[in-house]
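Chemist: Here is my input, please return the structure:
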Amino acid sequence: MRLIVQKYGGTSVGDTERIQNVAQRLIETQREDCQVVAIISAMAGVTDNLIKLAHAVSPHPTERELDILLATGEHAATALTAMAINARGGKAISLTGAEAGILTDRTHAKARIANISPRQIHELLADDYIVIVAGFQGQNAEGETTTLGRGGSDLTAIALAGALNADACQIFTDVDGVFTCDPRVVTEAKKLDEIAYDELLEMAGAGSKIMQSRAVEFAKKFGVQFEVRSSFKADTGTIAKEETTNMEDIVIRGVSIDRNQAKVTVDDVRDEPGVAGRIFSTIAAANIVVDMIVQSVSEHGTTDLSFTIHESDLDSARKLLEPVVKDVQAAGLITKKGVAKLSVVGIGMRSHSGVAARLFDCLGKAGINIQLISTSEIKIAVVIDGAEVERAAQLTHEEFGLATLIPAVGSMQPLG
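Modeler: Now for the predicted structure:
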């Protein structure tokens, strides 16, 4: 008998009608001679409402109590799903993350999974239960409730699939799978049949919200193949898996955009050991996430150091860095809101040249100015004006032929 792990996101269980649909799908899956474990997120909007409630009673709620509060969203959704299955003649039981055997470290709000002991799940499956597990949560060694961060139900599903040695792991969401670009931005975007873990990781880090990055990292580390598919259709989705040789025939797998970015430049800072450490230690201490970092070539002993952060963190970063800029005797601090990041991703870049030249030429011909450039082995990211990012995505998608995804073997030669 096959063991199937299915995860349903907040929109998939957004109201009672959708919960009934999920219940029916789970019953049908079990009837296909399968053992079924379902990971359920909180109903759409519930987590945000709980956070609002927390801040209404406390300007700075403690993370321990916030974890206990937020976990109730998943508790409610799992119980309702189990009730719906039982009302349809099925046999289901709901478990909290702790009851499912998920042990985490002591960190609250962004806990990491330390171990999973799924003994109770195995026993319930042997008794023909559909096991409904609350996503996004576990408990630490002291028995305290912990949560796994935004999108943590993805991580719960991947980790349980690995621990249970599941035959399949399916991530059900409100989209049909992973696309070459956000279909709301590029109407010609195509659903991908498969994607390598590394590509999905880069796309997630570049602004795609389809999967939690930590979940993809876990899947890659433990070799958990999974499928991203729609909970509203019967169509197959996108398989995330280890890369294969033929995957490199597709040079660019997708285009991602990340809006609401801000650019910070420390102007004419001394090119000396320790200066960059001082700047970024100050930022890190305030839990501000830095994305792209670019340093110019040193001229006359000074350099410009630029990086991007989320726009919402800009005011805090500016206040923190202004005294540091004076201490390190830089010329000044230059900040800019309203920028966005555009990224092209594909493992085919490892074996095909000219991707950067082709991207830059495409944007240049369209009059779109590139402010920062960052590269990895399988990704090229540029910072551009936020008002231009959708047009840039459409042009880039067209330039690399992503609407057809025809392998471009031998066609990627440097331009000019």
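
Chemist: excluding its backbone neighbours, what's nearest residue 355?
Modeler: In space, and not counting its chain neighbours, residue 355 is closest to residue 349: 5.3 Å by C-beta to C-beta, 6 or more residues apart in numbering. (C-beta placed from N, C-alpha, C; glycine too.)

Chemist: any idea what that neighbour is structurally, helix, strand or coil?
Modeler: Under DSSP: H, G, I helix; E, B strand; the rest coil, residue 349 falls in the helix class.

Chemist: show me the residues around it that make contact.
Modeler: By C-beta atoms under 8 Å, 6 or more residues apart in numbering, the contact list for residue 349 reads 251, 252, 355, 377, 378, 379, 380.

Chemist: give me that answer again for 10 Å
Modeler: 248, 251-253, 355-356, 375-380, 412 (C-beta atoms under 10 Å, 6 or more residues apart in numbering).

Chemist: Derive a ChimeraX selection command for the buried subset of those.
Modeler: Applying 16 or more other C-beta atoms under 10 Å to these, the buried members can be selected in ChimeraX as follows:
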select :248,251,252,253,355,356,378,379,380,412
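
Chemist: so after whichever strand or helix holds residue 362, what's the next helix or strand?
Modeler: Per DSSP states H and E: residue 362 is located in helix 355-365. Towards the C-terminus, the helix or strand next in line after helix 355-365, according to DSSP H and E, is strand 372-375.

Chemist: contact partners of the host helix or strand of residue 282?
Modeler: Element membership for residue 282 (DSSP H and E) is helix 275-285. With C-beta under 10 Å, 6+ apart as the test, helix 275-285 has contacts from 264, 266, 269, 274, 288-290, 293, 295, 303, 305, 307, 309, 313, 316-317, 320-321, 323-325, 327-330.

Chemist: just how off-centre is it within its chain?
Modeler: Centroid separation between helix 275-285 and its chain, computed with C-alpha atoms, centre = their mean, to the nearest Å, is 25 Å.

Chemist: After it, heading C-terminal, what element do we hit next?
Modeler: Next in sequence after helix 275-285, counting helices and strands by DSSP H and E, comes strand 290-295.

Chemist: Now do the residue of the chain positioned farthest from its centre against residue 271, distance only.
Modeler: Ranking residues of the chain by C-alpha distance from their mean position (C-alpha atoms, centre = their mean) puts residue 300 at the top, at 41.3 Å. Noted for residue 300: a distance of 9 Å to residue 271, by C-beta to C-beta, to the nearest Å.

Chemist: Check residue 227 too.
Modeler: Taking C-beta to C-beta as the measure, residue 227 and residue 271 are separated by 49 Å.

Chemist: now residue 196
Modeler: With the distance defined as C-beta to C-beta, residue 196 ends up 38 Å from residue 271.

Chemist: now do residue 378
Modeler: Going from residue 378 to residue 271 by C-beta to C-beta gives 30 Å.

Chemist: re earlier: among the contacts of helix 275-285, which lie within strands?
Modeler: Counting by DSSP state E, the part of the contacts of helix 275-285 found in strands is 264, 266, 269, 290, 293, 295, 303, 305, 307, 309.

Chemist: Out of the residues you listed, which end up buried?
Modeler: Neighbour-count burial (16+ other C-beta under 10 Å) is assigned, among those, to 264, 266, 269, 290, 303, 305, 307, 309.
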